[in-house]
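K.L.:
Here is a sequence with its predicted model. Questions after.
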Amino acid sequence: MQPSTYSLLTSPLPGPATLKRQPIDFQVTELMGFEPDGSPPHHWYWVQKEGANTEWVAKQFARVLDVSNREVGFSGMKDRHAVTQQWFSTPAALPDELEIEGVEILRRAQHSKKLKRGWHRGNQFQIKLYTEAPVDPEALEALVAQINTSGFANYFGEQRFGRNNLERFHSLKKRDVKKNGILLSSARAWVFNRLLDQRISQGRLAIEAGDRVCLSGSASHFVASVEELDTLHARQKAGDVSLGLSLPGKSSDGSAAMDDECRDIEAKLTSFGVEQGYRPAICRPQALSASVMDNEIELLFSLPSGAYATVLLAHLINLVES
């Protein structure tokens, strides 16, 4: 079951709309939430890249400095088929004149710490879609208003699953776990998507007693009690909290809602020592807006880190990637 076949919270426009005809159609700007403090020893670089993924750029910086790839820091992975801006950090200064195809350093700074994964608070997107026929602007605006008010299903996007990652996970041996973290992440994401699809199809997105509750804008979560439900439902409607669903691992409490395949994945993740986590079932974008001109749609919005723009787009219109 691919993410594109899961239950959605909207009835998207039929489209179809084409995504990523060219990199400039998908622009991403990392939102860090703080500025480098100007202190050594680490060198930070605000980088624009096109036609290259984040890990490839980090490897080029490591090669230039003759250091290990691990010594180059970045917070989030950005798409190759896009124009993106994000921070990198290095242990030493890069040359002033640095030529790497598709990579431009826009700003240099220093910071007292190396940049680590997950430090950014979100990403800002500017996306252009192309449709075969003009869309109904009023219908699109209604969907935009619905998503701004109620959010969208916070599935992991298809890019999280790579090529046959789930099948590769099932054949993974314990001795190879450290080298294959992406397979563990894919398996956890697959289970989460399955659980979310189940709750949506059952009409059970309202928080229930015993559910995990995620605080918006925070990694904090807690268990819902019967006595709190009325208050939690009001907070859920306001976007202050969200139903949290399991990213399975050790101490997992999601087994009761899982089918046999999900339980098998949970058991294997537990045997590998993976800790359980939680992810909000609903994501609310910041300032989603859409403009239509002939057969083109331009979208502007921001998402918290870990949320997928392609999943939001799927709630608006049926997509085809070029």
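P.N.:
Done, it's in. Quantities reported herein were computed from a predicted structural model and do not represent experimental measurements.

K.L.:
What distance do you get for Phe161 to Ala189?
P.N.:
Look at Phe161 and Ala189: by CB to CB, to the nearest Å, they are 7 Å apart. Placement of C-beta: from N, CA and C, glycine included.

K.L.:
Alpha carbons of stretch 50-64, as CSV, please.
P.N.:
The C-alpha trace of stretch 50-64 is given here as CSV (Å, rounded to 0.1, in the frame of the first residue of the first chain):
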residue,chain,number,x,y,z
GLU,A,50,19.7,22.9,-7.4
GLY,A,51,19.9,19.4,-8.9
ALA,A,52,21.7,18.0,-5.8
ASN,A,53,20.5,16.4,-2.6
THR,A,54,21.7,17.5,0.8
GLU,A,55,23.9,14.6,1.5
TRP,A,56,25.7,15.0,-1.8
VAL,A,57,26.5,18.7,-1.0
ALA,A,58,27.7,17.7,2.5
LYS,A,59,30.1,15.1,0.9
GLN,A,60,31.5,17.8,-1.5
PHE,A,61,32.2,20.1,1.4
ALA,A,62,33.9,17.2,3.3
ARG,A,63,36.0,16.4,0.2
VAL,A,64,37.2,20.0,-0.2
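
K.L.:
what residues does that stretch touch?
P.N.:
Contacting residues not belonging to stretch 50-64 are listed as 23, 45, 47, 49, 68-69, 71-74, 76-84, 86, 88, 90, 94-95, 98, 100-103 [CB atoms under 8 Å, 6 or more residues apart in numbering].

K.L.:
how about 6 Å then?
P.N.:
Residues outside stretch 50-64 that contact it (CB atoms under 6 Å, 6 or more residues apart in numbering): 23, 49, 69, 72, 74, 77-78, 80, 83, 90, 100, 102-103.

K.L.:
Among those residues, the buried ones, what's the ChimeraX command?
P.N.:
Filtering the contacts of stretch 50-64 down to the buried ones (16 or more other CB atoms under 10 Å) takes a single ChimeraX command:
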select :23,49,72,74,78,80,83,90,100,103
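
K.L.:
can you pull out the helices in the stretch 151-300 of the chain?
P.N.:
165-170, 181-201, 229-238, 260-271 (DSSP state H, counting those that start in this stretch).

K.L.:
Roughly how far does His120 sit from Thr54?
P.N.:
Taken as CB to CB, the span from His120 to Thr54 is 12 Å.
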